[in-house]
Every structure is written in structure tokens, then in C-alpha cells.
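Colleague: here you go, sequence then predicted model.
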Amino acid sequence: MKSTIVRRVSLSIALTAALGGLTACNSSDASGSSGKDDKAVHKGTTRVSPIAALRSAERSTDGADSAKVESTTSMGTLMDMKADGVMGWADGLTGTMTITYTGGTLADTMRRTGSTSMQARYLSDAYYARMSDTFARQSGGKHWIRYAYDDLAQFGGSSGAYLKDQMQNTTPNQSVKLLLASGDVRKVGPETVRGRRTTHYSGTVDVADLATRSSHLSAGQLSDLKKQLTTAGVSTEKVDIWVDGDDLLVKKVEKGELTSGTMTSTAYYSDYGTKVSAEKPPASDTADFKDLLKAQGAAGGATS
């Protein structure tokens, strides 16, 4: 049935879009800290090494607890999207993002499901994606999909476990940690970003090695994940960040190559410490990702 196909596509888009919004906070984590030269950097300090400056920026951004975020993500011909909202990370990842497809094959698919824009809400145990009225009419009248992190780990295998780990542990300062973990950090120099004076740093990260060193997965899961990254064509990722005079992240850009084309993610951060409010949608208007998958499985046998 057509409704089954639309429902299945809507589920895939909701998951991909929420993850696209999450790239605003970054997709990887790494510590990169050895304790050596790990002294706080204060405004007015001269001739500070890039490593020491980045460690100070990592701590300051982490301690800010929340920020307004604007981001754009492009993944070859698959999709172009933009996202904006407020994210907090004081006690796990929380917040709300409005995500809009602006191009690519997934934008065309979204139009057929009734909307190219959706809202994502991030809570401690799950995130929620609001779909269109068209989706609701074909899913028992419910607009929201609940993606429990434990279910993502269960259904996604090693990649799902990695996804759960990253969604529960990702914060904006991870972009800084990416550079610290890379072993390839250079100071580009002073630049102005949206009227704010910043210092630009750049480096290249081995993505597969980073995932191995930074996640909380088992050796077997990490081995499978590395194979998946290799299959996807992911090898290295270029990371650029801009840090202001308060040692806070202002902008980050990540670029990498996938088998489907070039991936680029850009995010801007402002209003650190802003209030974050993310509530669960009404249960009466919420469908569970796991239950919808089961319904798809049952309907699939009768679908030609």
C-alpha cells in the first residue's frame, strides 16, 4: 500500500533529520587530554600554544551548559538541510531544533509526505520528531515519533549502539575535542565571525581511529563500526573551529568524503547559558518508533 511506503519513508527521514540536527553539536567525541601543558588560558595571555588554547576552549564551552545553535548540513546528492534551536548539555543532551530540508533526494521525498520541515525534541532517554498531517493520517492520527535510545541500539546493531552513545554524550565542545584528538592542530589566525573576534584553528581527523578511541562501545562493536565506516568511504575529516575571547566556540565546520559524496556540516553558537526547555509531546499524539517498525513488518507481507 502507498500509505505503508510513505510511513516507512517518513520514519527514515525523521531519524536522519534529527541526526542532521545533532551534527550542530557534533558527531564524535574524544578526550585528547594528557595533562601535559594543560593549564587554563586567560584573556590577555600571550604566545599561548594551540593545544593549551583549545583545552581552555573545551572546558569553557562545556561549562556553559547551553547555547543557541544554527547549522547547515550537506551530504552529497542525498540531502541539504538547515537546523536552528536551543541545546543544553548540563545533564545529558536536551533541547529543541527546527529542521528543514532544502535540497537533495530526501527533500523531494519529504515533499511527498506533506512537509519539508519538522521539529525535533531531545530528552535524556529519547528524542521526538514531529511529522506532517499526512503522516499522522496514515499512522493512527499521531504526529510525533518517539525514538528511544535503547531501541536505536537494539535495532541498529553496532552502528545503532554507536548512535545511542553519541546522542547521549554529544555536546558542542566535542568539536574542540576532535582537534585535540587528531594530533594535527594548527592556529590559522584571528578572524571575525558574525561581528565577534575569534581565533581560527584547523586540523584533520582520522574518523575510524577517533571512533575507536572515543566511544563507550565494546571491542566487538567498535570493530564492526570501523568496517561500516570503511564501507561508507569515511577515512578522514577536516575540522575547523573559531573560538572567541571568552574561550567559547563560535563556529565549527566539518568536511569529509562519503561514498555518496561530500559531507559538510557548519554550525554557529551564540547566547551561551540560555534557558533550555524540552518537554515530551502528549502521549495521545505520539507513536513509538519500535511499534511502527513492527506495524511495517506486519504490513510488509501484504505490500507489493
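Modeller: Good, I have the coordinates.

Colleague: what segments of this protein are helices?
Modeller: Assigned helices in the chain, in chain order: 2-22, 50-63, 105-112, 133-137, 149-169, 174-182, 207-214, 219-231, 289-300 (criterion: DSSP state H).

Colleague: going by mean pLDDT, which of the ones you listed comes out lowest?
Modeller: Here the lowest mean pLDDT among these goes to helix 2-22, at a mean of 57.

Colleague: so what's residue 50 up against?
Modeller: Counting by CB atoms under 8 Å, 6 or more residues apart in numbering, residue 50 makes contact with 185-187, 201. (C-beta placed from N, C-alpha, C; glycine too.)

Colleague: any idea how far it is from residue 200?
Modeller: Noted for residue 50: a distance of 11 Å to residue 200, by CB to CB, to the nearest Å.

Colleague: just residue 247 next, same as before
Modeller: According to CB to CB, residue 247 stands 14 Å off from residue 200.

Colleague: do the same with residue 274
Modeller: To residue 200, residue 274 is 25 Å away according to CB to CB.

Colleague: those two: which has the busier surroundings?
Modeller: Remark: of residue 274 and residue 200, residue 200 carries more neighbours, 18 against 14, as counted by other CB atoms under 10 Å.

Colleague: thinking again about what came up before, any residues in contact with both of residue 50 and residue 200?
Modeller: Common neighbours of residue 50 and residue 200 (CB under 8 Å, 6+ apart) are residue 187.

Colleague: out of the contacts of residue 50, which are buried?
Modeller: Neighbour-count burial (16 or more other CB atoms under 10 Å) applied to the contacts of residue 50 gives 185, 201.

Colleague: could you report the neighbour count for residue 124?
Modeller: Counted with other CB under 10 Å, residue 124 comes out at 12.

Colleague: wait, it sits on residue 92?
Modeller: Yes. In terms of CB atoms under 8 Å, residue 124 counts as a neighbour of residue 92; the distance is 4.5 Å.

Colleague: what pairs with residue 200 across the strands?
Modeller: Per DSSP bridges, the residues bridged to residue 200 are residue 189, residue 242.

Colleague: start at 799 instead
Modeller: Sure, I'll start counting at 799 from here, so that last one is residue 998.

Colleague: number of residues surrounding residue 1065?
Modeller: Look at residue 1065: counted by other CB under 10 Å, it has 25 neighbours.

Colleague: the closest residue to it other than its chain neighbours and residue 889, how far apart?
Modeller: What sits nearest to residue 1065 in space, not counting adjacent residues and going by CB to CB, 6 or more residues apart in numbering, is residue 869, at 4.0 Å. Distance of residue 869 to residue 889, given as CB to CB: 22 Å.

Colleague: looking at these two, which is more packed in?
Modeller: For residue 869 versus residue 889, the count of surrounding residues by other CB under 10 Å is larger for residue 869: 23 against 8.

Colleague: pLDDT score for that one?
Modeller: Looking at residue 869, its pLDDT stands at 93.

Colleague: that one reaches residue 880, doesn't it?
Modeller: Yes. Proximity of residue 869 to residue 880 meets the contact threshold set by CB under 8 Å, at 6.9 Å.

Colleague: what sits against the closest residue to residue 974 other than its chain neighbours?
Modeller: Distances taken as CB to CB, 6+ apart place residue 856 nearest to residue 974, at 4.2 Å, with adjacent residues excluded. By CB under 8 Å, 6+ apart, the contact set of residue 856 is 971, 974-975, 978.

Colleague: then residue 882?
Modeller: Residues in contact with residue 882 (CB under 8 Å, 6+ apart) are 866-869, 895-896.

Colleague: which residues does it bridge with?
Modeller: When assigned by DSSP bridges, residue 882 has beta-bridge partners residue 868, residue 896.

Colleague: so how far is residue 1069 from it?
Modeller: Computed as CB to CB, the residue 882 to residue 1069 distance reads 12 Å.

Colleague: thank you kindly, that will do.
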